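Student: quick one, structure for this:
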Amino acid sequence: MKSKLSFAAIGIAFLFLVRTASAVQPGQREIAPVERMARIPRPLDVRDWKAVARDYYKLVLNPNASGDGFPVVAIEPGAAGFRMKSYLGARLDQEGFTALAAVVGARMVGLSARSLHGVDFVERAKAWYDPGIGVYRHRPNQHDPVLNADIYGYWDAILGLMLAAQYPEDPELKNQARTAVAAFRRIAHGLGCPKSPNYDILGWDFAEGKPHGRMEPMNRLGNAPSVAWGLLAGYQITGDSDYLDCARATMKWYSENPGRYEVSHVMGPLTAARLNAIAGGEPLNMDSILNAWFGDGDPKRHPWFVTRGTECGGITCDGIDGARLDNGKGFYAFTMGSLQGPGWLAPVVRYQPQYARAIGRYLLNAANSSRLLQGHGLDANHQDHARWKLKADPANLLFYEGLKSSDPSIGHPYAPYATGDPILNGWGTGRGRIDRKDYLALRESWFADTSFNIAPYMGNSVGFLGGIMSLTEVPGILQWDCLATDWFHPPAYPTYLYYNPFDSAKTISLHLDKPCAIYDLTNHRMLAHRAENAFACTIDPDSAAVLIVLPPDPETVVANERVSVHGIVIDYRLPDAVISSAK
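Tutor: Alright, predicted model coming up:
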């Protein structure tokens, strides 16, 4: 039975839910690994990631750039696509996770990827589309029938879907999105969806109609969310409820068999949160899915994790994503997953705002620690290519492949340490593998002047961080756009997450270019019916606010525990206490 409640009653009800100084923010759920992250990382040094990302793409997507290691990209007249270096010291290549991430990321930060440096990178990106399977592949003209369940398969298909979401007016991309989601449905049906799925696979052979993929055992651990997200996009694109049923079945299987590796799992919490909000039925276990996302649980199924409680050499290194080293005592955080993570987790709060405080704390740490992946804030002893960066990259735009808890040498005197795999393993260096006992001496004698461990295939994801984060007038309180990376989302109004890590209340301003109403999703109440200019919002200590910007003087309708404005849901589930009090 539908019920309609007045917003005045809802607002009054929430005035009596008073936050006590010692308790977690009312209505908020903790995420155990996030509670171990620093509330205020040391040092607090968040870069303006939107500005950094814009400068980054202008550099790496410039075919006329010059200098040691440049250009990173090459355009060949008459040839399909474009070539791009995955490592700065390597040859030009055409790996999908390098090239496609750059095109999508540039658009994320407001650059015109259709005319950057006179190149239409969007049109050239279509060379990665395989019409046989109907998805974007790891390289142009790749037509084999096996799609790997990893960054060499599913991930390229997902990047292709992101591209279509960014350019909905392009009929060719729109058609490619429909074939891509259909391919994910073929995988889901082949694996038993919606009745009895099993995603313990390495990939899918579309010719044979059976599991098959690249033999890397850890790829089995977290690939189900990749398919589930593609299915959820399919429902939004087509309206076919079979996509929704298969997505729910896939995520239910994953919640019972959680795992994580590289980035195949990163869309899990967002997919589950949206399914819980729009699909009805038995709620998916968000706690299980979030714990897997952060890498808690069985280390055999969670060999990678998000760092927490990690202070190396007096520097907080929380919130970045990578492999466990030394039985979990150390880490090797990789840049791609570290930059992608915030974009996939921030939108969760639109659907399940009870996680806003925890997600806000993680986001602050991720934004703060990501600078270390560039060597920014690290001296010459704590990175591989300090001398090269000083000459060729003084603004620290380019990224190392990753960050280790300490340097690779035998004694490990430097912590943390920005590095990568090519130098140590001798990939393309002409020097062969390096003995760890000689590592630091060889750094001083030759490779500090090189760029072998600078990795565009990783750093090209910087737009996924820069495209959702903005600084506020209070250092340490960041504004997070909760729509920008909620690809193929249901209709929504602009939504922003803020987290205050400090011990006292802080006031931030939401800058408006016209009169708007402001709804506080964390407290389920209207803050203002007609706000103008710089709307001031005070946030309690160690608390979050999720603010939705609405048309002025909105008429709100509450039905089936949801709040809507002009037919668009702004609050997917009012707490029982609010509904009962309003009645």
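Student: could you use CA atoms for every contact and neighbour count after this?
Tutor: Noted.
Student: distance of Ala358 from Ile31?
Tutor: Going from Ala358 to Ile31 by C-alpha to C-alpha, to the nearest Å gives 6 Å.
Student: er, Val348 actually
Tutor: Taking C-alpha to C-alpha, one finds Val348 at 13 Å from Ile31.
Student: pick out whichever of the two has more residues nearby.
Tutor: Val348 (25 against 17; other C-alpha atoms under 10 Å).
Student: and the pLDDT for the residue lying closest to the more buried one once chain neighbours are set aside?
Tutor: Nearest residue to Val348 in three dimensions, chain neighbours excluded: Leu270, at 5.0 Å (C-alpha to C-alpha, 6 or more residues apart in numbering). Predicted confidence (pLDDT) at Leu270: the value is 98.
Student: cool, Lys329 as well?
Tutor: For Lys329, the predicted pLDDT is 85.
Student: again, but for Pro299
Tutor: 86.
Student: on that earlier part again, between Val348 and Ile31, which contacts overlap?
Tutor: Common neighbours of Val348 and Ile31 are listed as Tyr355 (criterion: C-alpha atoms under 8 Å, 6 or more residues apart in numbering).
Student: flag the shaky bits of the stretch 451-583 of the chain, pLDDT-wise.
Tutor: 576-583 (pLDDT under 70).
Student: and with 50 instead?
Tutor: Within the stretch 451-583 of the chain, the stretches with pLDDT under 50 are 579-583.
Student: show me the helices in it, by range?
Tutor: 456-459, 462-466, 576-582 (DSSP state H, counting those that start in this stretch).
Student: give me the distance from the first one to the chain's centre.
Tutor: This points to helix 456-459. 14 Å (C-alpha atoms, centre = their mean, to the nearest Å).
Student: buried sites along it?
Tutor: Within helix 456-459, the residues that qualify as buried are Pro456, Tyr457, Met458, Gly459, counting by 16 or more other C-alpha atoms under 10 Å.
Student: what's around Ile237, how many residues?
Tutor: Neighbour tally, Ile237, other C-alpha under 10 Å: 16.
Student: err, Asn425, not the other one
Tutor: 14.
Student: what does Phe184 give?
Tutor: 29.
Student: please apply the same query to Pro491.
Tutor: For Pro491, using other C-alpha under 10 Å, the count is 10.
Student: and for the one 3 residues further on?
Tutor: Applying other C-alpha under 10 Å, we find 13 other residues in the vicinity of Pro494.
Student: same check, this time on Ile410
Tutor: 12.
Student: with Asp93 instead?
Tutor: 18.
Student: give me the pLDDT for it.
Tutor: Reported pLDDT for Asp93: 97.
Student: which residues does it bridge with?
Tutor: Beta-bridge pairing of Asp93 under DSSP bridges involves Met84.
Student: distance of it relative to Gly322?
Tutor: 25 Å.
Student: quick check: closest non-adjacent residue to Asn108.
Tutor: You called it Asn, but residue 108 is Met. Nearest one to Met108, counting by C-alpha to C-alpha, 6+ apart, is Gly467 at 4.8 Å.
Student: Leu483 is in contact with the one you found, correct?
Tutor: No: between Gly467 and Leu483 there is no contact under C-alpha atoms under 8 Å: 10.4 Å.
Student: higher neighbour count, those two?
Tutor: Gly467 (24 against 21).
Student: contacts only, for that one.
Tutor: Trp49, Lys50, Gly105, Met108, Val109, Gly110, Ala484.
Student: count of residues packed around the second one?
Tutor: Residue crowding around Lys50 was assessed by other C-alpha under 10 Å; the count is 22.
Student: secondary structure class for it?
Tutor: The three-state assignment at Lys50 reads helix, by DSSP: H, G, I helix; E, B strand; the rest coil.
Student: and the pLDDT at Glu76?
Tutor: 92.
Student: please apply the same query to Arg19.
Tutor: pLDDT, Arg19: 33.
Student: going forward, count from 46.
Tutor: Will do, 46 is the new start, and the previous item becomes Arg64.
Student: tell me the mean pLDDT over the helix or strand hosting Ile282?
Tutor: Assigned by DSSP states H and E, Ile282 belongs to helix 269-283. Averaging the model's pLDDT scores along helix 269-283 yields 98.
Student: do the same with stretch 173-185
Tutor: Stretch 173-185 comes out at a mean pLDDT of 98.
Student: next one: stretch 295-307
Tutor: So the average pLDDT for stretch 295-307 ends up being 97.
Student: and for stretch 356-363?
Tutor: 97.
Student: what are the buried residues along it?
Tutor: Those would be Glu356, Cys357, Ile360, Thr361, Cys362, Asp363, for stretch 356-363 by 16+ other C-alpha under 10 Å.
Student: could you do stretch 252-271 as well?
Tutor: For stretch 252-271, by 16+ other C-alpha under 10 Å, it's 256-259, 263-271.
Student: can you give me the end-to-end span of that stretch?
Tutor: Stretch 252-271 end-to-end distance (C-alpha to C-alpha) = 21 Å.
Student: residues contacting it, please?
Tutor: Residues contacting stretch 252-271 (C-alpha under 8 Å, 6+ apart): 190-195, 199-200, 203, 235, 244-250, 295-296, 299, 303-306, 309-313, 316, 346-347.
Student: of these, which belong to helices?
Tutor: Here DSSP state H is the test, and the contacts of stretch 252-271 give Tyr199, Trp200, Ile203, Gly235, Thr295, Met296, Tyr299, Gly313, Thr316 as lying in helices.
Student: closest one to Trp472 out of the residues you listed, please.
Tutor: Trp200 (23.8 Å; C-alpha to C-alpha).
Student: residues near the closest one, how many?
Tutor: By other C-alpha under 10 Å, the residues close to Trp200 number 24.
Student: filter the buried residues of stretch 356-363 down to the ones in strands?
Tutor: Glu356, Cys357, Ile360, Thr361 (DSSP state E).
Student: wait, Ala292 touches Gln281, no?
Tutor: No: shown here, Ala292 and Gln281 do not form a contact pair, counting by C-alpha under 8 Å, at 11.7 Å.
Student: and these two? Which one has more around it.
Tutor: More neighbours surround Ala292 than the other of Ala292 and Gln281, with 32 against 17 (other C-alpha under 10 Å).
Student: with adjacent residues omitted, what lies nearest to the more buried one?
Tutor: Per C-alpha to C-alpha, 6+ apart, closest to Ala292 is Ala273, 4.6 Å.
Student: mind listing what that neighbour touches?
Tutor: Cys291, Ala292, Arg293, Thr295, Met296, Gly313, Thr316.
Student: try 7 Å
Tutor: Residues in contact with Ala273 (C-alpha atoms under 7 Å, 6 or more residues apart in numbering) are Ala292, Thr295, Met296, Thr316.
Student: what do you get for Asn410?
Tutor: So Asn410 contacts Pro86, Asp363, Gly364 (C-alpha under 7 Å, 6+ apart).
Student: next: Tyr445.
Tutor: Applying C-alpha under 7 Å, 6+ apart, the residues near Tyr445 are Leu418, Gln419, Ala463, Thr464, Gly465, Asn498, Ile499, Ala500.
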